[in-house]
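**Q** Sharing a model prediction with you, sequence too.
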Amino acid sequence: MTLLVGGLILHLSESPALAAKKFARKECVDCHGKFNDKYLSMKYIHTIVKEQKCEDCHLRHGIVPKLLLKKDGNQLCFDCHGRDKIGLDKPKVHTPLRQGKCTLCHNPHASTTPHLLKGDGPESCYGCHKKEDYEKGTIHGAITKKGCGSCHAAHSSTEDNLLREKEPKICLGCHDSGAGSFKKAHGGYPVESKRCTICHNPHSATGKKLLRSSAHNPVATGGCDGCHNPAGGPEPFGVTQKGSELCYQCHDAAMLKGTGGVAEHAPFKSGDCLSCHRAHTSEFAKLLTADGNNLCFGCHQDKNLRVAVPHKVITGDKKGCLSCHRPHAAPNKGLLTLAGSDLCYSCHAKTKEGLKNKVQHVPFNGGDCSSCHDPHGTNFAAMLKERADTVCYGCHTDAETKFKKTFTHKPVMNADCVSCHGAHGSAEKNLLKNTVPQLCAPCHADLMKAESGGSSHMPFNGGQCLTCHDSHGSNVRGMIVDNEAKLCFGCHKSLEQGDKASKSSHAPFRGGDCTKCHSPHKAKLNKLLLAQGTDLCVSCHKGTKERFASEKIHTPAEQDCQTCHKPHNSGQPSLLTEQLVALCGQCHSYDRKPFADAHLGISATVMNCMNCHDPHSSKDPKFFKKMVHAPFASRSCSDCHVTGKQ
């Protein structure tokens, strides 16, 4: 130890005893005593826990508890419990062991049950295996007396299902095949050479003798000789008839085929009843080899779809595939119970009401539901075969190209044809869901709001949206059916004709931009104008508003530009309503003396008022232009003009 005292460095040595105490090693149980006491109180204790050898499995340092183990998964267990000892070399290995999860069954420290199992007897197994399957009405004595281990190996086996021995040898270890009761129960047939589980459930069953829940009547009644040769014969397990002929002794083939059957299930047609049914017993109804749809999917794997929109009769109905199909034969293609759309209508009765509509979709009217829908399920809404627009384009082949426009209606762009069209039928033409404009209103609600006064465009007011707009798409802004000028001139023909004879035309009018001044739908002002009076004009004529604020304004310019100008075109320059002299003369009397004096007697007919005056505004009270010739300002006309001549 080193200390600094009064400027002196002192070196002090630490006693060995103190150092030893400082770095003394603490045992795990010094901190984890509570757990240690708990483990030691149990009947079965892991040897290394009993001997306090925690570090055989755990590291001394670490943060997360699982990280304190020296090795991952089962590798730690295999250090003591050799792989060969627990049978990892055998072909059949218990799933938890194979996945490295010893602690799924065993407690690594201590337990109240043998082998450090987490549960007592079968309870340990029920953590993974459904308990109700092993506790039906009649329970195998091996389970109730000795538990699962009487037949199954815990870790691995050479046999399927981890059986300790092959079947039937494992069964005959308890059941004496030579006993009279055994022979009587089996009709004298030498069943000791066959697999017992063909007829019996090895765990539990709802009926007697552990017969599986669905038993063939000859099996249930002990009438094996109904199908098999006599018990005492040379081939007792041979059958009296081949293939389906044996079955048809009891099961009427004609009944199974039905009346007018045009379609037969392949196994039924070939006489292979055992393709779907078991001969003796089954855990599934009607002796089926698998439960419901799973049986069908065994062959029809392409119908076992994992899709976003499955058919509910497949996923939720107990009848499953049999909701629509017959298992043996049917009078309709595809083994369908009913033909075409009649089958669909048996559930979709409300959809059938669409047949009353004035206009019907051709596939719907023709009963061809599968033209658009996949009856088993798809990844698209309403079980459509493909995305909605792709389904529609399958028949409307020109539409896909036709609808690819610069400006596309949102429903078209979103592949949502049914936003506007009824998929099955409608009272309106083109299968529209409603009349126009009611059809347009839900999306364009703000536009449809009524306003008092003002003006509205005749097509809009009359609900004729499609007069101006293309309902799917257009290459013109606003999805209008033609460029703006042609569209407007289609109705306003006089404006187009007048423009041909005009000397001047308004720039928006000349450029076909009618909506620069007019609303195409409705406006608070007359003539669909976007703004009142001069406010509309100054929105384009920049600087005018600022001039008006600082200069004297010509009365017509202040009140209404159209006093002097036409809004579209004119036979006069500058869109004037008439010749300049006549226009000014409407307000200014040329024959009055004040006018003659002010203009030095010069006749108005030879003057151009705008040569001297600004027609809109000026800082000068007489509206003289900003730049004024000096002789003119002093009325010294003779400086430039010959006196007496006009």
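**A** Received it, and whenever you're ready, just let me know what you need. Residues are numbered from 1 along each chain as shown.

**Q** Figure out how far stretch 472-484 is from the centre of its chain.
**A** 32 Å (Cα atoms, centre = their mean, to the nearest Å).

**Q** If you count neighbours, what's buried in it?
**A** By neighbour count with 16 or more other Cβ atoms under 10 Å, stretch 472-484 contains the buried residues 472, 473, 474, 476, 479, 480, 481, 482, 484. Every C-beta, even on glycine, is put in place using the N, C-alpha and C of the backbone.

**Q** which ones are touching the spatially most central residue of the chain?
**A** In the chain, the residue lying closest to the centroid (Cα atoms, centre = their mean) is residue 308, at 6.9 Å. Residues near residue 308 by Cβ atoms under 8 Å, 6 or more residues apart in numbering: 378, 379, 380.

**Q** If we use 6 Å, what do you get?
**A** By Cβ atoms under 6 Å, 6 or more residues apart in numbering, residue 308 lies in contact with residue 379.

**Q** Next: residue 636.
**A** By Cβ under 6 Å, 6+ apart, the contact list for residue 636 is empty.

**Q** Return the per-residue confidence for it.
**A** For residue 636, the pLDDT comes out at 82.

**Q** swap in the one 4 residues further on?
**A** With respect to pLDDT, residue 640 scores 85.

**Q** repeat for residue 185
**A** For residue 185, pLDDT reads 93.

**Q** That one and residue 125: what is the separation?
**A** 29 Å (Cβ to Cβ, to the nearest Å).

**Q** So between these two, which is more surrounded?
**A** Between residue 185 and residue 125, counted using other Cβ atoms under 10 Å, the more crowded position is residue 125 (19 against 13).

**Q** Double-check that that one belongs to a helix.
**A** Yes. Assessed by DSSP: H, G, I helix; E, B strand; the rest coil, residue 125 belongs to a helix.

**Q** That one - nearest residue in space that isn't next to it in sequence?
**A** Nearest residue to residue 125 in three dimensions, chain neighbours excluded: residue 148, at 5.1 Å (Cβ to Cβ, 6 or more residues apart in numbering).

**Q** For the buried residues of stretch 472-484, give me CSV that also has distance to residue 299.
**A** Putting the buried residues of stretch 472-484 into CSV (distance: Cβ to Cβ, whole Å) gives the following:
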residue, distance to residue 299
472, 44
473, 46
474, 52
476, 56
479, 51
480, 57
481, 55
482, 59
484, 63
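
**Q** Need the pLDDT of the residue nearest to the centre of the chain.
**A** Looking at residue 308, its pLDDT is 90.

**Q** OK, contacts around residue 43?
**A** residue 112.

**Q** switch to 8 Å and redo it
**A** The contact partners of residue 43, taken as Cβ under 8 Å, 6+ apart, are 111, 112.

**Q** And it, how close does it get to residue 521?
**A** 89 Å.

**Q** One more: residue 89?
**A** Distance, residue 89 to residue 521, using Cβ to Cβ: 84 Å.

**Q** quick one, which of these two is more surrounded?
**A** residue 521 (17 against 10).

**Q** tell me the pLDDT at the nearest residue to residue 212 once chain neighbours are set aside?
**A** Leaving aside its sequence neighbours, residue 212 sits nearest to residue 281 (Cβ to Cβ, 6+ apart; 3.7 Å). On pLDDT, residue 281 comes in at 96.

**Q** tell me which residues form a beta bridge with residue 281?
**A** residue 215 (DSSP bridges).

**Q** give the contact list for it.
**A** 198, 199, 200, 211, 212, 213, 214, 215, 216, 219, 287.

**Q** Let's see that with 6 Å instead.
**A** 199, 211, 212, 215.

**Q** Show me those residues that map onto strands.
**A** residue 215 (DSSP state E).
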